[in-house]
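*Asks:* sequence and predicted structure, then a few things I'm wondering about:
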Amino acid sequence: MSLAPKPDAALLIVGHGSTENPDSSTPYFDHADEIRSRGLFGEVHCCFWKEEPSLREARFLIDADEVYVVPDFISEGYFTQEVIPRELELTAATTRVHGKTWRYTKPVGVHASMTDIIAQRARDVAPGVDPAETTLFIVGHGTGLNQNSTKAVRDQAELIKASDAGYADVMDTYMEEQPFIADWAKLADTPNVVVVPFFIADGLHSYQDIPVLLGIEKDEGEAASQREVFRQNPYRLRDKTLYYSSAIGTGRLMADVILDLVEDFDKHQLTALP
């Protein structure tokens, strides 16, 4: 990443947020803090759909006349194509509104560098484990309502499978549609399994729902912020050794993806909404 400093511009990182889980916004603020520490923008802010500060409040937070808006979302879909443009009043990739120029990038989850980040996370969570004896599962939500969501997970699985990562198999799986992550033991022929949730934040899905589906936990139990499910690897379940990662968006490298998206925008000077 070689983004030139933009001292007269602001960066706005947009997240979903949650009214149920106080941990869900942490990665977004972490990404903002990391970028702010590099001194590349005059301002760095976060806003959310389900938390404060809200999308509609964003323009009141920003002094700069030029704003880069990066959706910190896994896939293109309803939120990135409809909700964010509507709430920020964006009509194109570059929009002049409320006295500011807004530049709207693609979401982080579709950037090419996500493949390397997932592969690195899988290596980190299972150090010293032979990939040739390991199945890597990338887990998405899956609802049947947004095909772009499943496409993002499927694309990453196919890219890692085609890479030199060396896994015996790489599969896209979902919480609520086939192939189900709950069937992981049937789907994997290898003695080792690595599971990486393809979410930005360690929210209710990665702390509670997926561990139950995997069999790590018997029920949802205590509050998400009190869980230590990621610190107890490996798990011995169903005659296999399972390694469970935190959500992909919690890593520091996500700040680089956000900056890469800004750089890509400038290079291509996008004119239509992503």
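*Replies:* Sure thing, it's come through.
*Asks:* C-alpha from now on. contacts and neighbour counts both.
*Replies:* Noted.
*Asks:* in this structure, what helix or strand scores lowest on average pLDDT?
*Replies:* Of all helical and strand segments in the chain, the minimum by mean pLDDT, DSSP states H and E falls on helix 204, at a mean of 70.
*Asks:* what mean pLDDT does the helix or strand harbouring N148 have?
*Replies:* Secondary structure from DSSP states H and E places N148 in helix 147-162. Here the mean pLDDT over helix 147-162 is 88, rounded to a whole number.
*Asks:* assumed Q120 was part of a helix.
*Replies:* Yes. Secondary structure of Q120 (DSSP: H, G, I helix; E, B strand; the rest coil): part of a helix.
*Asks:* all the strands of the protein, in order from the start?
*Replies:* With strands called from DSSP state E, the chain shows them at 6-15, 41-48, 66-71, 94-97, 100-104, 134-140, 169-174, 192-197, 235-237, 240-244.
*Asks:* packing partners for the last one?
*Replies:* Spelled out, it's strand 240-244. Where contact means 3 or more Cα pairs under 8 Å, 6 or more residues apart in numbering; DSSP states H and E, strand 240-244 is packed against strand 192-197, strand 235-237.
*Asks:* what would the ones you listed look like in JSON lines with mean pLDDT, distance to A247 and mean neighbour count?
*Replies:* Rendered in JSON lines, the data for the helices and strands packed on strand 240-244 read as follows (pLDDT from 0 to 100; distance: least, Cα to Cα, whole Å; neighbours: other Cα atoms under 10 Å):
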{"stretch": "strand 192-197", "mean pLDDT": "97", "distance to A247": "5", "mean neighbour count": "24"}
{"stretch": "strand 235-237", "mean pLDDT": "94", "distance to A247": "18", "mean neighbour count": "13"}
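*Asks:* sorry, back to before: mind listing what's buried along the helix holding N148?
*Replies:* Neighbour counts using 16 or more other Cα atoms under 10 Å place 148-154, 156-157, 160-161 of helix 147-162 among the buried residues.
*Asks:* again, but for stretch 206-221
*Replies:* 206-208, 210-214, 216.
*Asks:* what of stretch 254-271?
*Replies:* When neighbours are counted by 16+ other Cα under 10 Å, the buried residues of stretch 254-271 are found to be 254-265, 270.
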